[in-house]
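> Below is the sequence, then the predicted model.
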Amino acid sequence: MHQYNTQDLRKQDGQHHLHPFTDTKDLGSNSRIITGAEGIYIIDSEGNRILDAMAGLWCVNLGYGRQELVDAAATQMTELPYYNNFFKTAHPPAIKLAKKLTELAPEHINHVFFTGSGSESNDTVVRMVRRYWQLKGQPEKTVIIGRRNGYHGSTVAGASLGGMAPMHEQGGPMLADVEHIAQPYWFGEGREMSPEAFGLLAARSLEQKIKELGVDRVAAFIAEPVQGAGGVIIPPDSYWPEIQRICDHYGILLIADEVICGFGRLGQWFGSQHFNIKPDLMPIAKGLSSGYLPIGGVLVGDRVAETLIEQGGEFYHGFTYSGHPACAAVALRNLELMEEGGVLEHVREVAAPYFAERWASLADHPLVGEARSLGLLGALELVADKTSLARFEPGIGGRCRDNCFNTGIVMRSVGETMVVSPPLVITKPEIDELVRLARESLDATARQLGIMS
Ligand SMILES: Cc1ncc(COP(=O)(O)O)c(CNc2cccc(C(=O)O)c2)c1O
């Protein structure tokens, strides 16, 4: 067992490493050094074994330690470590992965554009959407509508499409011609009406925005089937059918951001299939490779693909690592292992129903105002008062997240909402352990607040 000098590593980290989404001065030299992982557990440099209820960052769908993926990477690296797909060249891993993805995708999806991340996928979406309308003779249709508190990445385009105000406030003007509408966050913004009514109201804010802008300006609407980084916001059932109706009625492109919801997270290959919507473009990443190597892409529906192919000539867009051979080989093997292992059936028939039942049991905790889940996504709304559902002052979520780590589980805090997104291979006993550790973490937080003895 390799020994790590945690203090040395922390010191060097604090001296040289700027972390993503981290206040580096607060982090200082207190980073938790993760050195290993197996199944649904990560191991830190002190040998602590922690249940990773976030599957890394919503991505390690097959769990850690899958030697088949390591072997796929090693074999491909030996055979062809890198080549590109520019300038009329291609390589077997990218070709095979593209074919595989179109077999798994809805039937109107027959083409894939590869990228290196979810953010690059959404940058690609912007370029494709605007090019599509140029080719259709409507170049003034440039506006893409997203949602407040939506998350679509951290490039300028991804951050602009997203609706996270703190990101917009940093780093100067966002991308032009991006607008945002309401999010279908019933617990936080719609409780004075039924979920059904609120879902329609939130969806119809899209129609209002289209009318406000003028349909001749509107190119597309982008949304996550379930908002992930925004706090696992599960839309009311009335939401997506109304969004689809509005997009169809006005002829605007529908983009379903499947970076989190894709590849089994909701028990189907794609979240769009769970909600029975027909997107024109589907950005993907994360679960595509179970995070073992960085790869993303855009699944392109026939309406856009045929126009780009028939009328578009050379599409001046792409990345050095678009369809990288080792990344594509790992992604292909990842999808094969999901099929061979019956992972979708496991999520749909075993893990998600059991998780829903066990996760809901946390609703009785003094700190919890709502426990919700869909597939293997879960959220707990922390409240100061279970009757009025009054929220805490900011900071309790972060404190609960730290208690989680000390208890032995990774949960993500989004404001005062605790979220989980465990590996899809989680078993029923492991779900029991996840819920037990979550409850212990909530208890520790409640004791610190003097709410529990
Ligand atoms: C829906 C969605 N779309 C695009 C991206 C961007 O993907 P890349 O990160 O690979 O560029 C994401 C990423 N989502 C994401 C990434 C990092 C952290 C967290 C968090 O919830 O803490 C969430 C995402 O969740």
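Noted; the coordinates are in hand.

> which bits of the stretch 101-250 of the chain sit near the ligand?
117, 118, 119, 122, 151, 152, 153, 154, 158, 224, 228, 229 (C-beta under 6 Å from any ligand atom). For every residue, glycine as well, the C-beta is placed using N, CA and C.

> ok, residues contacting the helix or strand where the third one lies?
What that stands for is residue 119. Following DSSP states H and E, one finds residue 119 within helix 118-135. Applying C-beta atoms under 8 Å, 6 or more residues apart in numbering, the external contacts of helix 118-135 come out as 113, 115, 139-142, 144, 152-155, 157-158, 161, 175, 219-220, 222, 253, 255, 257, 259, 281, 283-286, 296-298, 300, 304, 307-308, 311-312, 315, 317, 319.

> so how far is it from its chain's centroid?
Distance of helix 118-135 from the chain centroid (C-alpha atoms, centre = their mean, to the nearest Å) equals 19 Å.

> Following that helix in sequence, what is the next regular element?
Per DSSP H and E, the helix or strand that comes after helix 118-135 is strand 143-147.

> Report the separation between whichever residue of the stretch 1-150 of the chain sits closest to the ligand and residue 229.
Using C-beta to the nearest ligand atom, residue 118 is the residue of the stretch 1-150 of the chain that sits closest to the ligand, at 2.3 Å. Distance from residue 118 to residue 229, counting by C-beta to C-beta, to the nearest Å: 10 Å.

> Of these two, which one has the most company?
When residue 118 and residue 229 are compared for neighbours, residue 118 comes out ahead with 30 against 22, by other C-beta atoms under 10 Å.

> so which strand or helix has residue 198?
Under the criterion of DSSP H and E, residue 198 resides in helix 195-213.

> Other residues contacting that helix?
By C-beta under 8 Å, 6+ apart, the residues outside helix 195-213 that reach it are 143, 145, 179, 181-186, 189-190, 193, 218, 221, 235-240, 242-243, 246-247, 250, 252.

> ok and that helix relative to strand 143-147, angle-wise?
Interaxial angle, helix 195-213 versus strand 143-147 (axes from the mean of the first three to the mean of the last three C-alpha atoms, to 10 degrees): 160 degrees.

> How far off centre is the very next helix or strand once past helix 195-213?
Next along the chain after helix 195-213, taking DSSP H and E as the criterion, comes strand 218-223. Centroid separation between strand 218-223 and its chain, computed with C-alpha atoms, centre = their mean, is 18 Å.

> Walk me through which strands strand 218-223 pairs with, and which way each runs.
Strand 218-223 has these partner strands in its sheet, going by DSSP bridges: strand 143-147 (parallel), strand 253-256 (parallel).

> Can I get the ones you listed in TSV including mean neighbour count?
Formatted as TSV, these follow (neighbours: other C-beta atoms under 10 Å):
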stretch	mean neighbour count
strand 143-147	25
strand 253-256	26
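
> okay if I get those strands as JSON lines plus mean pLDDT?
Shown next, in JSON lines, are the strands paired with strand 218-223 (pLDDT from 0 to 100):
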{"stretch": "strand 143-147", "mean pLDDT": "98"}
{"stretch": "strand 253-256", "mean pLDDT": "98"}
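
> Put together a markdown table for those strands, with distance to residue 333 on each row.
As requested, those are arranged in a markdown table below (distance: least, C-beta to C-beta, whole Å):
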| stretch | distance to residue 333 |
| --- | --- |
| strand 143-147 | 33 |
| strand 253-256 | 25 |
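
> which of the contacts of helix 195-213 are buried?
Neighbour counting by 16 or more other C-beta atoms under 10 Å classes 143, 145, 179, 181-186, 189-190, 218, 221, 235-236, 238-240, 242-243, 246-247, 252 among the contacts of helix 195-213 as buried.

> Can you say which helix or strand has the spatially closest residue to residue 256 that is not a sequence neighbour in it?
Nearest non-adjacent residue to residue 256, counting by C-beta to C-beta, 6 or more residues apart in numbering: residue 279, 3.8 Å away. Assessed by DSSP H and E, residue 279 sits outside every helix and strand.

> Over to the one 3 residues further on?
Secondary structure here is read from DSSP H and E; on that basis residue 282 sits in strand 281-284.

> After that strand, which helix or strand is next?
By DSSP H and E, the next helix or strand past strand 281-284 is strand 296-301.

> May I see the buried residues of that next one?
296, 297, 298, 299, 300, 301.

> Residue 59 is in contact with residue 293, isn't it?
No. Using C-beta atoms under 8 Å, residue 59 is not in contact with residue 293, being 11.0 Å away.

> which of the two has more neighbours?
Between residue 59 and residue 293, residue 59 has the larger neighbour count (other C-beta under 10 Å), namely 24 against 21.

> ok, that one - contacts?
285, 286, 287, 289, 290, 291.

> Nearest to residue 7, out of the residues you listed: which one, please.
If you rank the contacts of residue 59 by distance to residue 7 using C-beta to C-beta, residue 291 comes first, at 28.1 Å.

> Tell me how far the closest one lies from residue 169.
In terms of C-beta to C-beta, residue 291 sits 29 Å off from residue 169.

> What of residue 388?
Relative to residue 169, and taking C-beta to C-beta, residue 388 is found at 31 Å.

> Okay, the residue sitting nearest the centre point of the chain and residue 225: tell me how far apart.
In the chain, the centroid-proximal residue (C-alpha atoms, centre = their mean) is residue 260; its distance is 2.7 Å. As judged by C-beta to C-beta, residue 260 and residue 225 stand 9 Å apart.

> returning to that earlier point: list the residues that contact both of residue 118 and residue 229?
Counting by C-beta under 8 Å, 6+ apart, nothing touches both residue 118 and residue 229.

> Residue 439: neighbour count?
Quick note: residue 439 (other C-beta under 10 Å) scores 16 neighbours.
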